[in-house]
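Asks: need coordinates for the below:
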Amino acid sequence: MAIQFYDKGELSSGFYGWRVVAVIRGKRHQKYFSARRPSEAMPEDFWHRYQKTRAEYYEARWAMRAAAIKYLDFIRTDHPRVKPFRGVGFQGITLGIGTIGGGQTEQCFIQVNVPGNPMRIAITENQTLSKAWDNAVTLWGETFQIRPKDIDAKRQHPPTPEQFKRLRKHLNDEEGASLGVSVLHHVYAEQRAAMERQKSRSSLKEQPVDEDDLLDVHSRLEREIGEFLEKFGSRA
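Replies: Down below sits the predicted model:
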């Protein structure tokens, strides 16, 4: 955004006054505010103040529009230079597979691209994919001053294990890496646990309930309740 004043005689077109220029999403916007009075009856000083105020208003309006668009692009689109298969649908966070903090073992991680100090949050045995994502989104929100409602919205949509699977394949096929399938072990942990729970629930539903077993449990509970009342009821 910029305001430039052209004095009388400065431009060959004969225009003199204020020009406001803005570039939003690559599109150039400009507007001119002439210092030439509409009539001799208009005080020159008043007209100049009026036109300058209008120019400043447009500059502020375009600046706010540019800031709003920049923010929405940030939370809705990947960065134009994000590498293949790293993007998560918005800027400031990317996925990765590699070593962390000088370690020797490759890990799947979520990277918060803090300016000058990118932070890699590993997915490990003690930190599931969902937990790592939650921590990453929290840090992302604090770092880039994201609105709470937008932070909450992103928190609800963690990357899938399949995204890391595709990233691993790309790194091996296109970027010369040699990552074994075991590097994906921890990102699939929650999926494996969910499958085990579902399997257990299905097994319980399918298991027939014997009537004699139910009667046995009922009589045992009835006996234990009676013993409890006999023991503690006498103290009342």
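
Asks: give me the residue at the spatial middle of the protein.
Replies: Centre of the chain computed as the mean C-alpha position; nearest residue by CA atoms, centre = their mean is Lys154, 4.6 Å away.

Asks: element containing that one?
Replies: Per DSSP states H and E: Lys154 is located in helix 148-155.

Asks: for that helix, output the C-alpha coordinates as CSV.
Replies: The C-alpha coordinates for helix 148-155 follow below in CSV (Å, rounded to 0.1, in the frame of the first residue of the first chain):
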residue,chain,number,x,y,z
PRO,A,148,-9.1,-19.5,18.6
LYS,A,149,-12.0,-20.7,16.4
ASP,A,150,-9.6,-21.4,13.6
ILE,A,151,-7.2,-23.3,15.9
ASP,A,152,-10.1,-25.4,17.1
ALA,A,153,-11.2,-26.1,13.6
LYS,A,154,-7.7,-27.3,12.6
ARG,A,155,-7.4,-29.4,15.7
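
Asks: got the contact list for whichever helix or strand comes after that helix?
Replies: Next along the chain after helix 148-155, taking DSSP H and E as the criterion, comes helix 161-174. With contact meaning CB atoms under 8 Å, 6 or more residues apart in numbering, helix 161-174 is reached by 84-86, 95-97, 108, 129, 177-179, 181, 183-184, 187-188, 191. Any C-beta I mention is one placed from the backbone N, CA and C, and that applies to glycine too.

Asks: next, the buried residues of the helix or strand that helix 161-174 is followed by.
Replies: Tracing the chain C-terminally past helix 161-174 and defining elements by DSSP H and E, one meets helix 189-206 next. Along helix 189-206, these residues count as buried under the neighbour rule (16 or more other CB atoms under 10 Å): 189-190.

Asks: pLDDT at the residue nearest to the centre of the chain, what is it?
Replies: pLDDT for Lys154: 98.

Asks: list the residues that contact the closest residue in space to it that isn't next to it in sequence.
Replies: Sequence neighbours aside, Val137 is the residue nearest to Lys154 in space, at 5.1 Å (criterion: CB to CB, 6 or more residues apart in numbering). Going by CB under 8 Å, 6+ apart, Val137 touches 93, 151, 154-155.

Asks: by neighbour count, which of those residues wins?
Replies: Ile93 (26 neighbours; other CB atoms under 10 Å).

Asks: correct me, but that one touches Gly141?
Replies: No - if you go by CB atoms under 8 Å, Ile93 and Gly141 don't touch, sitting 10.4 Å apart.
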